[in-house]
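Peer 1: Using only what follows, build the 3D model:
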Amino acid sequence: MGNRAVITMAKKPTENSVGIYLHWNGGAESVLAFAETAKHFGVRFSDETYGMARLAQIIGNFFGGTLSVGVGILRNLDCENYDNGTYRLSLENDEVVLEQSPDGEKDWKRLDNDQLRKHEYWKKTEDSEGILADIIAKNKPFFQPAEEVTK
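Peer 2: Residues are numbered from 1 along each chain as shown. Next comes the predicted model:
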């Protein structure tokens, strides 16, 4: 068992679009935190291949180890995974847009980021600063914030 999902940045996903498979942390609240971290570090959402590579790096840095994350084209990933299906990420007016489909092909539903940020993972506890802060902290040694890159 897991909490599986597939993530893509393709505007109109096809079976040949690039995707990231998550075995764990595939809930929308986690995927939003991964995407917000990518935005924080200046990842280019408009470039599917570079964007997906850096998003995979962010997720892999967060998990550590050698399991739980895969990269491939959608036809080879478990898009209809009986957990969370497939997410499509984009930026609109500099805000992360997260859409979800049960199979990555149809019935895309835009999710409410404000509602997702209310999830327990986003809250500070004695063990965590909240998922977004934790992901950023794990990735900080490997990325420069976007404002520093443009200087």
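Peer 1: Going by C-alpha atoms from here, please, whenever you check contacts or count neighbours.
Peer 2: Will do.
Peer 1: Quick one: end-to-end length of stretch 79-87, please.
Peer 2: From its first residue to its last, stretch 79-87 covers 9 Å (Cα to Cα, to the nearest Å).
Peer 1: ok, now stretch 101-112?
Peer 2: 14 Å.
Peer 1: cool, and stretch 129-144?
Peer 2: One end of stretch 129-144 sits 20 Å from the other (Cα to Cα).
Peer 1: Helices along this protein, start to end?
Peer 2: Here the chain has its helices, by DSSP state H, at 28-40, 48-63, 113-116, 131-139, 146-149.
Peer 1: quick one, the fourth one and helix 48-63 angle?
Peer 2: Comparing the axes of helix 131-139 and helix 48-63 via axes from the mean of the first three to the mean of the last three Cα atoms, to 10 degrees yields an angle of 90 degrees.
Peer 1: So for helix 131-139, what gets flagged as buried?
Peer 2: If you call a residue buried by 16 or more other Cα atoms under 10 Å, then helix 131-139 has these buried ones: 131-136, 138-139.
Peer 1: same thing with the first one?
Peer 2: By 16+ other Cα under 10 Å, the buried positions in helix 28-40 come out as 28-39.
Peer 1: Name the residues that touch that helix?
Peer 2: Helix 28-40 is contacted by residues 25, 54-55, 58-59, 84, 89, 96, 98, 113, 116-117, 119, 121-122, 131-132, 135-136, 145-146 when judged by Cα atoms under 8 Å, 6 or more residues apart in numbering.
Peer 1: Please indicate which of those are buried?
Peer 2: Those of the contacts of helix 28-40 that meet the buried threshold are 25, 54-55, 58-59, 84, 89, 96, 98, 113, 116-117, 121-122, 131-132, 135-136, 145, by 16+ other Cα under 10 Å.
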